[in-house]
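Peer 1: What follows is a predicted protein model with its sequence.
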Amino acid sequence: MSRRRDVTNVKKLGSKALPVEKSGVYHSTKKTTTRKRKKNFVDDNESIASSDEEFAEQVDDVDFSEEEAETAQEKRLRLAKKYLSEIEEEEKDREEFEQGSVARRLQEEYLEEKGKLRKQIASNYTGHGELIDLRCKDHKNSITCLCLSSNGKLIYSGSKDGTIVKWSVLNKTKLSVLPGKRKSNDGIKSVVCIAISTDGKFLVAGDSGSKNIKVFNGEDLKLIKNLQGHRGVVTCVVFRRDTHTLYSASEDRILKVWNLDDMAYVESFFGHQCPITSIDALSRERAITSGGFDKSIRIWKIVEESQLMFNGHENSVEAVKLINEENFLSCGDDGQLSVWGCLKKKPLCSVKLAHGKDNSNGQPMWISSIATLLNTDLVASGGGSRDGVVRLWQCGESFKSLTLLFEVNIIGFINAMAFTPDGKNLIVGVGQEHKSGRWWRIPEAKNRLVIIPLLQNNSKK
């Protein structure tokens, strides 16, 4: 199997503003820059070397001799055989191992890479079990963000008091705590955003008390580095899957790319007109962001130095979340939940007033958080207003409809959500206040994580 090259090979001398084409056509910044970059990169849709050594050979020595070509081919064959043997071992360890499972997994990985994998499982979900609260005295203020390890066994949560807590999903217990700035020199004044690398090596967090990104060891939560460069508070961070490439966005309206192997800044991208509120990324060298009150969503293609803009919300766009490489969802304070395709500049479908209206003022209930179960048709939305409702939805055929499955009532602001990879639980971060401000407060709410066990009808699987 081929491995994707990392964006960290980029050598950047300065920052560039990117042109926007609203018609859905990408444009690069400069022709000369594009030609230069093509020498150092292979496009996502073209063949990619199966190892870093092969990629270096392709770049540095274009003219292979027959002997060198045979050596490269042999290496590819050897790596492919090794990968197949690893898959076979993993599948044999599973209870559901059966004939053809290896071929099925290879097909799923191919479809996932192309953004065409879609498992129809949402109709199996019938409701939820008893809610499980995860509380600790260290989270004194509202939970603002959370992230899960790639295997779904660990949760990292951040709160307004600057505390980061590491939890065990299996044991439902606290594993370790990084105190806030008042109690630790390495601490944070208030945690705005958090992300963990696929291999669990790096945990990064945005600090409202500074304009830095703090990089911690994912195992023991010890500070490794402060990444400086943003001119405003860092509002969102995400890792590109299976890499140490980090994308960050800020109130300064800038998207930045970092290489955490070298703890180095790579490049910046410009285009949003207001503070960026959310970011997401998967395996491809691209990131997707929401621009808050500029009402736009943008996809940034890193290699091509281009962006594509989407418009469809009437007010601030609060969050975006990819469900696969080609489709994503968005929500905002206009109460709208939308599903998009990367090739369409308008939503494939939208649900107006997805969480109803606020009885006190007649305004739409905000939606401030979204969770998606990757490569499936299952979605969850959380109210950022005072309704404290989590709703689960099924995406219809070709993502052209959203059907409500059921809802879960929780007292408090739903500030963050994530599905465990197996789809058995939905993790929710709850607070007395909205993650971004203190417009309202729900005194009876408890600042905590909530594990929602999801019930499935096994006969439908």
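Peer 2: Yes, it's here. Numbers count the residues shown, from 1 in each chain.

Peer 1: what about the closest residue to residue 200 other than its chain neighbours, how many residues close to it?
Peer 2: Excluding the flanking residues, the one nearest residue 200 by CB to CB, 6 or more residues apart in numbering is residue 218, at 4.5 Å. Where C-beta positions appear, they are placed from N, C-alpha and C, glycine not excepted. Neighbour count for residue 218, taken as other CB atoms under 10 Å: 20.

Peer 1: now residue 218: how far from residue 293?
Peer 2: Remark: distance between residue 218 and residue 293 (CB to CB, to the nearest Å) = 34 Å.

Peer 1: And for residue 127?
Peer 2: Taking CB to CB as the measure, residue 127 falls 37 Å from residue 293.

Peer 1: Might you report the residue contacts of the residue nearest to the spatial centre of the chain?
Peer 2: With distances taken as CA atoms, centre = their mean, residue 280 lies nearest the centre of the chain, 3.7 Å away. For residue 280, the contacting residues are 238, 287, 288, 320, 321, 322, 328, by CB atoms under 8 Å, 6 or more residues apart in numbering.

Peer 1: Ok, residue 441 next?
Peer 2: 432, 433.

Peer 1: how about the helices in this structure?
Peer 2: For the chain, applying DSSP state H gives helices covering 31-40, 52-60, 66-92, 101-113.

Peer 1: I'd like to know which of the ones you listed has the weakest mean confidence.
Peer 2: Looking at the helices of the chain, the lowest mean pLDDT belongs to helix 31-40 (a mean of 37).

Peer 1: could the contacts of residue 280 go into JSON lines alongside distance to residue 363 and pLDDT?
Peer 2: Compiled in JSON lines, those are given as follows (distance: CB to CB, whole Å; pLDDT from 0 to 100):
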{"residue": "238", "distance to residue 363": "30", "pLDDT": "98"}
{"residue": "287", "distance to residue 363": "31", "pLDDT": "97"}
{"residue": "288", "distance to residue 363": "27", "pLDDT": "98"}
{"residue": "320", "distance to residue 363": "22", "pLDDT": "97"}
{"residue": "321", "distance to residue 363": "23", "pLDDT": "98"}
{"residue": "322", "distance to residue 363": "29", "pLDDT": "97"}
{"residue": "328", "distance to residue 363": "26", "pLDDT": "97"}
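
Peer 1: are any of these buried, and which?
Peer 2: The neighbour count (16 or more other CB atoms under 10 Å) marks 238, 287, 288, 320, 321, 322, 328 as buried among the contacts of residue 280.

Peer 1: What backbone torsions are found at residue 260?
Peer 2: Note on residue 260: its backbone torsions stand at phi -80, psi -10 [degrees, to the nearest 10].

Peer 1: quick revisit: how far away is the residue nearest to residue 200 from residue 236?
Peer 2: Residue 218 is 19 Å from residue 236, where distance means CB to CB.

Peer 1: And for residue 190?
Peer 2: Taking CB to CB, one finds residue 190 at 14 Å from residue 236.

Peer 1: Tell me which of the two has more neighbours.
Peer 2: Remark: of residue 190 and residue 236, residue 236 carries more neighbours, 25 against 21, as counted by other CB under 10 Å.

Peer 1: so what's the closest residue to that one other than its chain neighbours bridging to?
Peer 2: Nearest residue to residue 236 in three dimensions, chain neighbours excluded: residue 279, at 4.2 Å (CB to CB, 6+ apart). For residue 279, the beta-bridge partners under DSSP bridges are residue 289.

Peer 1: mind starting the numbering at 3 from now?
Peer 2: Okay, using 3 as the starting number, the last item reads as residue 281.

Peer 1: which regions of the stretch 253-402 of the chain lie under the pLDDT threshold?
Peer 2: 386-387 (pLDDT under 70).

Peer 1: Mind pulling up the pLDDT for residue 95?
Peer 2: With respect to pLDDT, residue 95 has a value of 57.

Peer 1: ok, now the one 4 residues further on?
Peer 2: At residue 99, the model reports a pLDDT of 51.

Peer 1: Domains in the protein, by residue range?
Peer 2: 9-115, 124-462 (automatic domain parsing).

Peer 1: Tell me which of those domains sits most buried.
Peer 2: Most buried of the domains of the chain, by mean neighbour count (mean count of other CB atoms under 10 Å): domain 124-462, with a mean of 20.

Peer 1: For that domain, what is the distance to the chain centroid?
Peer 2: Distance of domain 124-462 from its chain centroid, counting by CA atoms, centre = their mean, to the nearest Å, is 7 Å.
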